[in-house]
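Asks: Compute the structure for the input listed below.
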Amino acid sequence: MTSKRPVIAASMALGMLWSLGLVWLGRGPGDPVNSIALGLMPGGLIMAAMIGRLAQRRFFDDAIIDGQPFATGSGAEIDQRVLSNTAEQLVLAAALWPFAGWVLGWGLLPVLGVSFALTRVLFWLGYHLSPPLRGLGFAASFYPSVVAVLWALVALS
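Replies: The predicted structure follows:
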């Protein structure tokens, strides 16, 4: 039995490198209101696609059309897990990104938003292909929020 940990660890390391580069290059001026709107919108669109995909699955499957639980390990259950994690991360982004933008420059938020959307799709695809492959998409969408707020806290001190 091969361990999944090396793949996950490598994904985490790549996600951290992505995050550091993203925050470093994304800092810059911008308008707060526009930046918050443009920062959060891409993740909202991806989340809407995930909700739509689950609705489509329910519509075409008599076993779940009435709101029954998804079968463990099914594509629908994986989509539900991805949607739940995406909702959690969007709440985190909404709580942390404005502070990071205020300190590091509002131009950071649209950069974080586009990256979030792209890496959430990577997470979604990775989860369906092979669960350990979801690690890069997870790390590259979660770590930028943490890196940005920690960077901002250090910049304030």
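
Asks: how close does residue 24 get to residue 124?
Replies: For residue 24, the distance to residue 124 under the criterion CB to CB, to the nearest Å works out to 26 Å. In this view, the C-beta of every residue, glycine as well, is placed from N, C-alpha and C.

Asks: quick one, which of the two is more surrounded?
Replies: Neighbour tally, residue 24 and residue 124, criterion other CB atoms under 10 Å: the higher count belongs to residue 124, 23 against 12.

Asks: Now the helix or strand in which the more buried one is found: buried residues?
Replies: Here residue 124 sits within helix 108-129, counting by DSSP states H and E. Of the residues in helix 108-129, those with enough neighbours to count as buried (16 or more other CB atoms under 10 Å) are 108-117, 119-124, 126-127.

Asks: again, but for stretch 134-154
Replies: Within stretch 134-154, the residues scored as buried using 16+ other CB under 10 Å are 134-145, 147-149, 151-152.

Asks: Now do the contacts for residue 123.
Replies: Applying CB atoms under 8 Å, 6 or more residues apart in numbering, we find residue 123 in contact with 82, 85-86, 134, 136-138, 141.

Asks: ditto for residue 136
Replies: Contacts of residue 136 were listed using CB under 8 Å, 6+ apart, and they are 11, 14-15, 119, 122-123, 126.

Asks: Same question for residue 4.
Replies: For residue 4, the contacting residues are 131-132, by CB under 8 Å, 6+ apart.

Asks: what do you get if the cut-off is 7 Å, keeping everything else the same?
Replies: With contact taken as CB atoms under 7 Å, 6 or more residues apart in numbering, residue 4 is in contact with residue 132.

Asks: One more: residue 90?
Replies: If a contact means CB under 7 Å, 6+ apart, then residue 90 has 43, 47 as its contacts.

Asks: Quick one, grab the pLDDT at it.
Replies: The per-residue pLDDT reported for residue 90 equals 97.
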